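Q: build me a model:
(4 chains)
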2 protein chains.
Amino acid sequence: MSDPMPEPSDTKQSLLDAAEALIAERGVAGASLRAITTRAGTNLAAANYHFGSKQDLARAVIARHLRPINAERMRLLDKAEREAGEHGPKLETLVRTFVGPVVRFGRELPDGGRHFAQICGRAMTQPDPMLREVLLGELAEAIRRFKAAFSRALPELAPEELLWRMQFMVGAMAHTIAGSQMIEAVHGDALDTRDLDGIVERLVRFMCGGLSAPMGDA
Amino acid sequence: MSDPMPEPSDTKQSLLDAAEALIAERGVAGASLRAITTRAGTNLAAANYHFGSKQDLARAVIARHLRPINAERMRLLDKAEREAGEHGPKLETLVRTFVGPVVRFGRELPDGGRHFAQICGRAMTQPDPMLREVLLGELAEAIRRFKAAFSRALPELAPEELLWRMQFMVGAMAHTIAGSQMIEAVHGDALDTRDLDGIVERLVRFMCGGLSAPMGDA
DNA sequence: GTACAATTCAAACGAACGTTTGATTCAAGC
DNA sequence: GCTTGAATCAAACGTTCGTTTGAATTGTAC
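A: Okay, the predicted model is just below:
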């Protein structure tokens, strides 16, 4: 068989796929290279040969999908700001631009992006700073630009209040995409964790309400 | 007040304290019994002698504080429902009852409850089901009662929508209490993660806005 | 076919882990 | 003083881990 494309080798891809699934299932520490390479159908040494170390394999797992997702986010934000007037895009558009790509991109993956989403959602609060740094490195520009955009859409909010609310927004999203197991354990099958579009709609509603909540005590 | 429970030995307390700090810092897998017992100033075998296994030690770390917190939550919910009319407590009261005890109780701990909060916030989405089960076991009754209370305070919401919004609420809280490292990494020192009361006020505002957000895209 | 580099493979290495063991220490109770 | 049971201790056990090694295999250009 001949490969027409100079794509990364089958071995490399298999390792990334296996690592993604097992890290989502058991965490970085719980996913041993032996389990990963066995699942990938490769030799144990292949992981170190192709990626150097387990850390770098985990880094590659995140970087593989996060970059396209963020590129899409930036593209949508550009478009929204171009189409909006001089006051900038309205709140709901920003929220949708922020939340949407994570889900929309995941849909194109074989597993619907569940594994990757779970890893990302967890990476933000994980003790091991390694994944956190990878995540933040990729997100740095997006954070900066969304800060400015939200600030323009919510001019009545004090800067500190806005940053906290963005933090809560990220938390609601991260916890949701990371915690399907938890959700099913708590609510049984009352909630359909596979209806990604419905979840996005609900998330957007919730976030818009929270972000634009009145300050209350005058 | 007389204490009905016999006070645990110094060794047991030291082990719980050391385990709490190290698990918060490095995670369950990353906190070795050797590191924990060394920090506690005890022998390595003391952990297994007093707790049986590392798992049971971790379980004990969570159960130690979570039970009083939930008891306080139930007490506040009882009081709120007793004082409220027949329509039940209003939304903000419920949210405050849900979020408050976590912070208020932590304030009395030596470290302000930061370590414990971090562990709990992470436990919900952790790959290892062990901590999740402990958490859910302790939270089961609270979840059931708050479901009913929120349902009464937000009668216009479809049941599924309400459950999702509660999920987002939990996510915002969990991510916030688990992610001080992340918050500081993203926002620098612009946000004061030590101002617990301020964070609670902001959380309550955000959650009330999100929970009561209008459904309609008209 | 030969040479050469990239890749795969079985096997082993050293380190770190949770747990167990058996001796030792300690504080009452008699 | 002796006994008894709880608690502590140093030491070791067996396992699993990430990584390394050196030989075998494969693909490819000459």
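Q: which residues does the spatially closest residue to residue A:41 that is not a sequence neighbour contact?
A: Spatial nearest neighbour of residue A:41, excluding adjacent residues (C-beta to C-beta, 6 or more residues apart in numbering or on different chains): residue A:14 at 6.2 Å. For glycine as for every other residue, the C-beta is placed from the backbone atoms N, C-alpha and C. If you count contacts by C-beta atoms under 8 Å, 6 or more residues apart in numbering or on different chains, residue A:14 has them with A:40-42.
Q: pull out the buried positions in the host helix or strand of residue A:14.
A: According to DSSP states H and E, residue A:14 maps onto helix A:10-30. For helix A:10-30, the buried set under the neighbour-count rule, 16 or more other C-beta atoms under 10 Å in any protein chain shown, comprises A:11-12, A:14-24, A:27-29.
Q: average pLDDT for it?
A: Here helix A:10-30 scores 94 as its mean pLDDT.
Q: next SSE downstream of the lowest-mean-pLDDT helix or strand in chain A?
A: The least trusted helix or strand in chain A, going by mean pLDDT, DSSP states H and E, turns out to be helix A:180-187, with a mean of 83. Using DSSP H and E, the helix or strand that follows helix A:180-187 in sequence is helix A:196-211.
Q: just checking, what packs against that next one?
A: For helix A:196-211, the packing partners by 3 or more C-beta pairs under 8 Å, 6 or more residues apart in numbering or on different chains; DSSP states H and E come out as helix A:91-107, helix A:159-178, helix B:159-178, helix B:196-211.
Q: quick one: contacts of the first one?
A: So the one you mean is helix A:91-107. Helix A:91-107 is contacted by residues A:65, A:68-70, A:72-73, A:76-77, A:80, A:84, A:89, A:112-114, A:116-117, A:120, A:146, A:149-150, A:153-154, A:169, A:173, A:177, A:196-197, A:199-200, A:203-204, A:207-208, A:211-212 when judged by C-beta under 8 Å, 6+ apart.
Q: tell me the gap between that helix and the middle of its chain.
A: Relative to its parent chain, helix A:91-107 has a centroid offset of 10 Å by C-alpha atoms, centre = their mean, to the nearest Å.
Q: before we move on, the earlier item: mind telling me which of the helices and strands packed on helix A:196-211 the model trusts least?
A: Among those, helix A:91-107 carries the lowest mean pLDDT (a mean of 88).
Q: measure how it sits relative to helix A:196-211, angle-wise.
A: Orientation check (axes from the mean of the first three to the mean of the last three C-alpha atoms, to 10 degrees): helix A:91-107 against helix A:196-211 gives 150 degrees.
Q: just want the angle from helix A:91-107 to helix A:159-178.
A: Orientation check (the same axes, to 10 degrees): helix A:91-107 against helix A:159-178 gives 30 degrees.
Q: what's the first helix or strand after helix A:91-107?
A: Sequence order places helix A:114-123 as the next helix or strand after helix A:91-107, per DSSP H and E.
Q: near DNA strand D, which residues of chain A are found?
A: A:31-35, A:44-45, A:47-48, A:53-55 (C-beta under 7 Å from any atom of the strand).
Q: sitting in strands, which of the residues you listed do you find?
A: Counting by DSSP state E, none of the members of these fall within strands.
Q: mind putting those in CSV, neighbour count and distance to chain B included?
A: Below are the residues of chain A next to DNA strand D laid out as CSV (neighbours: other C-beta atoms under 10 Å in any protein chain shown; distance: C-beta to the nearest C-beta, whole Å):
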residue, neighbour count, distance to chain B
A:31, 24, 9
A:32, 13, 11
A:33, 19, 15
A:34, 10, 16
A:35, 15, 13
A:44, 13, 21
A:45, 10, 24
A:47, 24, 19
A:48, 14, 21
A:53, 11, 17
A:54, 17, 13
A:55, 14, 14
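Q: lovely, talk soon.
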